[in-house]
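Undergrad: for reference, the sequence and a predicted model appear below.
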Amino acid sequence: MSIKAVVWDIDDTIFDYTAADQAGMRAHLAAEGLLDGYESVEQALARWRQVTDAQWARFSAGETDWQGQRRERVRVFLEERLTDAEADAWFDRYVAHYEAAWALFPDVLPALDALAASHRHAVLSNSSLRVQDGKLRVLGVRERFEAVLCAAELGVSKPAAEAFHAACDALGLPPQQVAYVGDHPEIDGRGAADAGLLSVWIDRGGAHTVDDGGPAGPRRIASLAELPAVLGADTRFGAPSTFG
């Protein structure tokens with residue numbers, strides 16, 4: 001059965017979240033006068049990422065809501081008992097720096113152009129619709145996607161099969177006709193494969209060696225330039241391929 005649609009993750013798949021988060025937090029900590037409490041900027045950024053990952057895991061497990069995970073990230077990181085308003089204000093100041101650093105990965109637009117005529121496209125993210133829809137609009141690619149689905153509104157998060165199936169339902173296609181592209185080997189890669197989609201895991205950083213192979217099930221790529229071949233897409237017609 002041929003693949004008719006591609007569902008995409010956003011953060012660290014098409015949007016360089018890690019770079020934007022680090023640049024934004026670096027600028028924010030400097031503006032807040034908080035860097036003196038760490039041996040290095042790198043130590044501070046590693047601490048922020050550790051706290052972020054832990055609170056995202058709680059959100060994905062349904063232990064807190066969207067705003068709650070943001071507030072707890074601030075409280076845990078600062079080790080202070082802030083009010084909701086204080087935590088929100090601190091996070092909003094960080095967001096201003098973070099948004100200033102937003103950018104797509106350079107291989108995203110060529111991939112979307114190459115697949116424009118052959119495949120339909122949608123988004124499935126473990127975030128909120130307000131955040132991700134706005135992000136796609138700022139990045140100039142919202143019109144590329146028929147639907148944008150997010151965990152905060154769905155009430156279910158990846159890697160649950162129900163999340164992937166909701167994306168398929170939005171497209172009116174069975175999982176066997178849908179590919180999912182994401183950066184996380186378990187949440188995206190194994191989750192999509194277990195849900196019956198063609199799972200494509202983009203391993204940009206090469207975190208896994210050839211010997212360990214990563215999780216079973218997903219097709220592993222290092223760049224979106226490889227995606228048309230994985231999908232069996234004919235890019236000779238319609239939108240031209242821009243891969244050299």
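TA: Now that the structure is in, tell me what you want to look at.
Undergrad: quick check: residue 154 touching residue 167?
TA: No. Here residue 154 does not reach residue 167: they are 9.1 Å apart, not a contact under CB atoms under 8 Å. All C-beta atoms are positioned from the backbone trio N, CA, C, and that covers glycine.
Undergrad: these two: which is more packed in?
TA: Neighbours per residue (other CB atoms under 10 Å) separate residue 154 from residue 167, with residue 167 holding more: 27 against 18.
Undergrad: what residues are up against that one?
TA: Contacts of residue 167 were listed using CB atoms under 8 Å, 6 or more residues apart in numbering, and they are 7, 122, 124, 147, 149, 178, 180.
Undergrad: now do 10 Å
TA: 5, 7-8, 122-125, 147-149, 154, 158, 173, 175, 178, 180, 192, 195, 197 (CB atoms under 10 Å, 6 or more residues apart in numbering).
Undergrad: check residue 202 too.
TA: Neighbouring residues of residue 202 by CB under 10 Å, 6+ apart: 8-9, 12-14, 105, 107, 181-184, 188-189, 218-224, 226-227.
Undergrad: check residue 25 too.
TA: Residue 25 sits next to 34, 41, 44-45, 47-49, 52, 77, 94, 97-98, 101 when contact means CB under 10 Å, 6+ apart.
Undergrad: columns distance to residue 136 on top of these, output as JSON lines?
TA: Shown next, in JSON lines, are the contacts of residue 25 (distance: CB to CB, whole Å):
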{"residue": "34", "distance to residue 136": "31"}
{"residue": "41", "distance to residue 136": "30"}
{"residue": "44", "distance to residue 136": "29"}
{"residue": "45", "distance to residue 136": "25"}
{"residue": "47", "distance to residue 136": "29"}
{"residue": "48", "distance to residue 136": "24"}
{"residue": "49", "distance to residue 136": "23"}
{"residue": "52", "distance to residue 136": "21"}
{"residue": "77", "distance to residue 136": "27"}
{"residue": "94", "distance to residue 136": "21"}
{"residue": "97", "distance to residue 136": "20"}
{"residue": "98", "distance to residue 136": "16"}
{"residue": "101", "distance to residue 136": "16"}
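Undergrad: mind listing the helices for the protein?
TA: Ranges of helices within the chain are 17-32, 41-60, 66-78, 84-99, 108-115, 129-138, 151-154, 161-171, 191-194, 227-231, based on DSSP state H.
Undergrad: how about the first one: buried residues?
TA: Pointing back at helix 17-32 there. 17, 20-29 (16 or more other CB atoms under 10 Å).
Undergrad: and which of the residues you listed is nearest residue 131?
TA: Residue 131 lies nearest to residue 17 out of these, by CB to CB, at 11.3 Å.
Undergrad: break this structure down into its domains, please.
TA: Per automatic domain parsing, the structural domains of the chain span 5-16+103-231, 17-99.
Undergrad: next, format these as TSV and append mean pLDDT.
TA: Formatted as TSV, these follow (pLDDT from 0 to 100):
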stretch	mean pLDDT
domain 5-16+103-231	93
domain 17-99	95
